[in-house]
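Visitor: Fold the following for me, if possible:
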Amino acid sequence: MGKPVIWITRQLSDATLDRAQRDYEVIWDPADEPGSAEDIIAMSARVDGMIPCHSEHFSAEVVAQLDPRLKIIANHSVGVDHCELPSLKARGIVVTNTPGVLSDATAELALMLMLGAARHAVAGDRLVRSGQWQSWSPAMLVGKQVSGARLGIIGMGGVGRAFARKARGLDMEIHYHNRRRLTAEEEAGATYHADLDALLAVSDFLSLHCPATPETIGLMNAVRLAQMPKGCVIVNTARGSLVDEAALLDALSSGHVGAAGLDCFVTEPGGNPAFAGHDNVMMMPHVGSATVATRDAMGFKALDNLDHFFRGETPPDQL
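Guide: Predicted coordinates for the structure are as follows:
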């Protein structure tokens, strides 16, 4: 019996590709273009499994047209909002993700965005890089102090808890809102707010780490932004759909939100060009987990799930 055939949709790490090609018959295009709906449907007749990223979308319409040959989608991501899970389950297609291996990398980027937004990193870099730094003043690029400030975290899963641990190194006062209260050990002194509005009122800094669900889409809208302290800083390394971008732009323009650090946007790729007009917004192109170690770990997680499945076992990260 030959090796199972899998489609790897994007350019994964060298270590991941080497292992995959050792154990599977791999279809992979080094051009590294996102798989379209047509690509997904056509490839489902050629492969037994897929390793897609969040750039490939398994909508209900796409799932309805998948060939019966496809048995497993081993996502190279933690978030699975690109997959219509009920439709996939109805078709008997197993879906897995990669939890527990990208928390630190994503939390590191959130910390970078928080510090960069608070301390005018975009404007400062541009000033020096452009050769326009001709003088100095004690009033120049005065930012918001992070150390000792109140930090609100929405979503205390793996990434949220990793971010809280790093923020404690800055003596930040940690507050959080979550679907469930953590244990005292997990809280490590953080203050739980069952009511989201209560959290927002004490968040000098706010970092989003919750999944995109029907309940959280547009979570940070004009009403909720207005409940935060004037001059607050907002960080989003989760999903762009959590934020009402028009409301955030208005709040930045008015000064109610002092700065923002964004790694994800409603429209991806591309982002929202309106944010480029604000030097107090630091942006990255959805690369929270982009470290060598984490990319290897994510790829190996996806392959581990495939290995279990094709041995007739339940994948450890089956949803």
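Visitor: contacts for stretch 79-97?
Guide: Contact partners of stretch 79-97, identified using C-beta atoms under 8 Å, 6 or more residues apart in numbering, comprise 52, 54-60, 62-64, 66, 70-75, 77-78, 211-213, 238-239, 241, 302, 305, 309, 315-319. Glycine gets a C-beta too; all of them are placed from N, C-alpha and C.
Visitor: Just the buried ones out of those, please.
Guide: Using 16 or more other C-beta atoms under 10 Å as the burial test, the contacts of stretch 79-97 include 52, 54-58, 62-63, 66, 70-75, 77-78, 212, 238-239, 241, 302, 305, 309, 315, 317 as buried.
Visitor: So which of the residues you listed belong to strands?
Guide: Of the buried ones among the contacts of stretch 79-97, the ones assigned to strands by DSSP state E are 72, 73, 74.
Visitor: can I see the domain layout of the protein?
Guide: Using automatic domain parsing, the domain parsing of the chain gives 5-101+292-310, 103-283.
Visitor: quick one: which of the buried ones among the contacts of stretch 79-97 sit in helices?
Guide: 62, 63, 302, 305, 309 (DSSP state H).
Visitor: Quick check, central residue of this protein?
Guide: By C-alpha atoms, centre = their mean, the chain has its centre lying nearest to residue 238, at 3.5 Å.
Visitor: how close does it get to residue 131?
Guide: Plainly put, residue 238 is 37 Å away from residue 131 if you go by C-beta to C-beta, to the nearest Å.
Visitor: Including mean pLDDT, could the domains of the chain go into JSON lines?
Guide: Converted to JSON lines, these look like this (pLDDT from 0 to 100):
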{"stretch": "domain 5-101+292-310", "mean pLDDT": "97"}
{"stretch": "domain 103-283", "mean pLDDT": "97"}
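Visitor: can you give me the helices in the protein?
Guide: Using DSSP H, the helices of the chain run over 14-23, 37-43, 60-64, 85-90, 103-118, 121-129, 158-168, 184-187, 196-201, 222-226, 245-254, 292-310.
Visitor: wait, which of these is closest to residue 146?
Guide: Taking C-beta to C-beta, helix 103-118 is the member of those nearest to residue 146, at 5.4 Å.
Visitor: Restricting to C-alpha, output the closest one in PDB.
Guide: Coordinates of each C-alpha in helix 103-118 appear next as PDB, following Å, rounded to 0.1, in the frame of the first residue of the first chain:
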ATOM      1  CA  SER A 103       1.500  31.100  22.400                       C
ATOM      2  CA  ASP A 104       4.900  32.600  23.300                       C
ATOM      3  CA  ALA A 105       5.700  33.800  19.800                       C
ATOM      4  CA  THR A 106       2.300  35.500  19.400                       C
ATOM      5  CA  ALA A 107       2.600  37.000  22.900                       C
ATOM      6  CA  GLU A 108       6.100  38.300  22.000                       C
ATOM      7  CA  LEU A 109       4.600  40.200  19.000                       C
ATOM      8  CA  ALA A 110       1.800  41.500  21.100                       C
ATOM      9  CA  LEU A 111       4.300  42.900  23.600                       C
ATOM     10  CA  MET A 112       6.300  44.400  20.800                       C
ATOM     11  CA  LEU A 113       3.200  46.100  19.400                       C
ATOM     12  CA  MET A 114       2.100  47.400  22.800                       C
ATOM     13  CA  LEU A 115       5.500  48.900  23.500                       C
ATOM     14  CA  GLY A 116       5.900  50.200  20.000                       C
ATOM     15  CA  ALA A 117       2.500  51.800  19.900                       C
ATOM     16  CA  ALA A 118       2.900  53.400  23.300                       C
END
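Visitor: Which positions are bridged to residue 58 in the beta structure?
Guide: As for beta bridges, residue 58 partners with residue 83 under DSSP bridges.
Visitor: In this model residue 70 seems to touch it, though I could be wrong.
Guide: No: assessed by C-beta atoms under 8 Å, residue 58 is found out of contact with residue 70, at 10.2 Å.
Visitor: Identify the residues contacting the closest residue to the residue nearest to the centre of the chain other than its chain neighbours.
Guide: Of all residues not flanking residue 238 in the chain, residue 208 sits nearest, at 4.8 Å (C-beta to C-beta, 6 or more residues apart in numbering). By C-beta under 8 Å, 6+ apart, the contact list for residue 208 reads 154, 155, 219, 220, 234, 235, 236, 237, 238, 242, 243.
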